[in-house]
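[1] Fold the stuff below for me.
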Amino acid sequence: MSDTPKKNSSLFHKLAPGILIAATGVGAGDLITASIAGSNVGVVIAWAAVIGGVLKWTLNEGLARWQLATDTTLLEGWNDRLGTPVRWVFITYLLIWSVFTGGALISACGVAGAGIYDLGLSAQHAKIIWGIVHSLLGLTLVWIGGFALFEKLMSVCIGIMFCAVMVTAVMIKPDWSAVATGIIKPTFAKTDTKFILGVLGGVGGSVTLLSYGYWIREAGRNGMSGLRDSRLDLAIGYTMTSLFGVAMLMIGSRLELQPGSENIANELAAQLEGVMGPFGKWLFLFGFWGAVFSSLLGVWQSIPYLFADFMLIRSGANANQRRDIDYTKTKAYRAFLIALAIVPLVMMNLSLQKVQIYYAVMAAMFMPFLAGTLLIMNNRTKWVGRQYKNGILTNALLILTLLFFGYIGYTKLMPSG
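    Below you'll find the predicted structure:
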């Protein structure tokens, strides 16, 4: 891979992989789910955002530990250690997931763009045009800019997103004692279950977690020093994500929102205008845009790595050869990037709510698979060495993740009633 970004010694660059992976995982669905949960049950479930961050940190730390112990990506590990069928199951899933995820991100960016400037068109037509613009803009920026430009663009989007949401949460003057209680004292009322599951499951992404391995390779990390860096930047990234989730619960707790609205983001902005004035409305709209466009950029840049890795493995290239290749310059990476930006456009006529539901189902199916494979692979001393093997706490958290996301996947796939 290219070593250009390795010359950057800025603080953001040093912490970038963890912050990037966390920001890529924060999208419209997470923002809307948390705000609706806050509106319906308040900040008593703020603990769920914190626990969700801990579970996703555990998965990403396990992924990094495998790669730093073996000098192979997790996809390479699945192929080498668990067999070719796992590789083919994953690539089939990735193709389907990419369509639904791409559709959800393009629709969300369309809603964000239309909320800021509707072009004098109907909400649906403005959403479609802005969605296409954002998708093609993301394609262009990733194609011509490489990882260095991606880092800079993401830092801007992340800054807009995080500052806008946190400032909004403070300006609505929440009950800080209730927020603190909601974080440190978990409660679990039966009527709150669906909202707790939504907040827990919405923190930090799904398949995008695999991108972390390619970003730490771009950063030149290796060995135990690399693992320490990864644990730190992941802790910072998922702390930001958890704070984001808590902030959206706080914002939602001051508003009256119901699930099912196609333009829930604009409804949120309109209600914030009533609470904070026009400044509140525009602050939230730009924060929402920062959240969804950073997710789109992150997915457009990172997911083609997985397809390029798959194609190189399939070609018979060995691990040493793959490490020396700049994936972003391969035909497989660029072909998948183009497809990712264009194919999901067919979903633009569907409502944002429907696309988000499809995406949530696909995401819930992946997490138990990831947790299960990390339990198998990172517990083999012969594979990772004693120094990198799972500890008792890590195994407990992975088992909890496997059971929890397995349950979410089951509930989403099974028809209600």
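
[2] Mind pulling the model confidence for the closest residue to residue 387 other than its chain neighbours?
    Using C-beta to C-beta, 6 or more residues apart in numbering and skipping residues adjacent in sequence, the residue nearest residue 387 is residue 224, 7.0 Å away. Quick note: C-beta positions are derived from backbone N, CA and C, even for glycine. Predicted confidence (pLDDT) at residue 224: the value is 94.

[3] what packs against the helix or strand where residue 75 lies?
    Residue 75 belongs to helix 74-77 when assigned by DSSP states H and E. Packing partners of helix 74-77 (3 or more C-beta pairs under 8 Å, 6 or more residues apart in numbering; DSSP states H and E): helix 46-70, helix 278-315.

[4] Now the last one: buried residues?
    In terms of neighbour count (16 or more other C-beta atoms under 10 Å), helix 278-315 has its buried residues at 280-313.

[5] residue contacts, residue 203?
    25, 30, 49, 52-53, 55-56, 238, 241-242, 245 (C-beta atoms under 8 Å, 6 or more residues apart in numbering).

[6] Sorry, wrong one. I was asking about residue 294.
    Neighbours of residue 294 in contact, by C-beta under 8 Å, 6+ apart: 23-24, 26, 154, 157-158, 161.

[7] got the residue ranges for the helices in the stretch 301-417 of the chain?
    319-323, 331-342, 352-377, 381-384, 392-413 (DSSP state H, counting those that start in this stretch).

[8] Show me what the fourth one is in contact with.
    So that's helix 381-384. 65-66, 69-70, 81, 377-378, 389.

[9] ok, those vs residue 16, which is closest?
    Of all these, residue 16 sits closest to residue 65, with 18.9 Å by C-beta to C-beta.

[10] Dump the C-alpha coordinates for the helix holding residue 75 into CSV.
    Only the C-alpha atoms of helix 74-77 are listed here, as CSV (Å, rounded to 0.1, in the frame of the first residue of the first chain):
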residue,chain,number,x,y,z
LEU,A,74,-9.0,-10.6,8.7
LEU,A,75,-10.3,-11.4,5.2
GLU,A,76,-7.0,-13.1,4.5
GLY,A,77,-7.3,-14.9,7.8
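
[11] Now that helix: average pLDDT?
    So the average pLDDT for helix 74-77 ends up being 92.

[12] Next SSE downstream of that helix?
    Next along from helix 74-77, by DSSP H and E: helix 84-116.

[13] just checking, what packs against that following helix?
    Counting by 3+ C-beta pairs under 8 Å, 6+ apart, helix 84-116 packs on helix 28-41, helix 123-171, helix 264-276, helix 278-315, helix 331-342, helix 352-377.

[14] Out of these, the one nearest residue 214 is which?
    Ranked by C-beta to C-beta, the member of the helices and strands packed on helix 84-116 that lies closest to residue 214 is helix 278-315, at 4.3 Å.

[15] and the angle for that closest one with helix 264-276?
    150 degrees (axes from the mean of the first three to the mean of the last three C-alpha atoms, to 10 degrees).

[16] start the count at 529, not 1, going forward
    Okay, using 529 as the starting number, the last item reads as helix 806-843.

[17] Quick one: mean pLDDT for helix 806-843?
    90.

[18] Quick check, residue 860 in contact with residue 833.
    No: look at residue 860 against residue 833 with C-beta atoms under 8 Å: they stay out of range, at 9.7 Å.

[19] quick one: least confident of the contacts of residue 731?
    When these are compared on pLDDT, residue 558 comes out lowest, with 74.

[20] From what I see, that residue and residue 770 are in contact.
    No: look at residue 558 against residue 770 with C-beta under 8 Å: they stay out of range, at 11.2 Å.

[21] wait, what's in contact with residue 849?
    residue 840.

[22] Would you check how far apart it and residue 743 are?
    Per C-beta to C-beta, to the nearest Å, residue 849 is found 21 Å from residue 743.

[23] Residue 687 now?
    19 Å.

[24] Neighbour count for these two, which is higher?
    Taking other C-beta atoms under 10 Å, residue 687 and residue 743 do not tie; residue 743 has more neighbours (27 against 14).

[25] could you dump the strand or helix carrying residue 551 to PDB, C-alpha only?
    Assigning secondary structure by DSSP H and E places residue 551 in helix 539-552. Taking C-alpha atoms only, helix 539-552 is exported to PDB below (Å, rounded to 0.1, in the frame of the first residue of the first chain):
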ATOM      1  CA  LEU A 539      -2.100  14.300  15.900                       C
ATOM      2  CA  PHE A 540      -5.100  13.600  13.800                       C
ATOM      3  CA  HIS A 541      -3.200  11.300  11.500                       C
ATOM      4  CA  LYS A 542      -1.800   9.400  14.500                       C
ATOM      5  CA  LEU A 543      -5.300   8.900  15.900                       C
ATOM      6  CA  ALA A 544      -7.000   8.800  12.500                       C
ATOM      7  CA  PRO A 545      -7.900   5.100  11.900                       C
ATOM      8  CA  GLY A 546      -9.900   4.800  15.100                       C
ATOM      9  CA  ILE A 547     -11.700   8.200  14.600                       C
ATOM     10  CA  LEU A 548     -12.300   7.400  11.000                       C
ATOM     11  CA  ILE A 549     -13.800   4.000  11.700                       C
ATOM     12  CA  ALA A 550     -16.100   5.400  14.400                       C
ATOM     13  CA  ALA A 551     -17.200   8.300  12.200                       C
ATOM     14  CA  THR A 552     -17.900   6.100   9.200                       C
END
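
[26] Residues touching it, excluding its own?
    533, 584, 588, 679, 682-683, 685-686, 689, 732-733, 736-737, 739-740, 743-744, 746-747, 749, 757-758, 760-766, 768-769, 822-823, 825-827, 830.

[27] Quick one, which of those residues are buried?
    Counted by 16+ other C-beta under 10 Å, the contacts of helix 539-552 give 533, 584, 588, 679, 682-683, 685-686, 689, 732-733, 736-737, 739-740, 743-744, 746-747, 749, 757-758, 761-763, 765-766, 768-769, 822-823, 825-827, 830 as buried.
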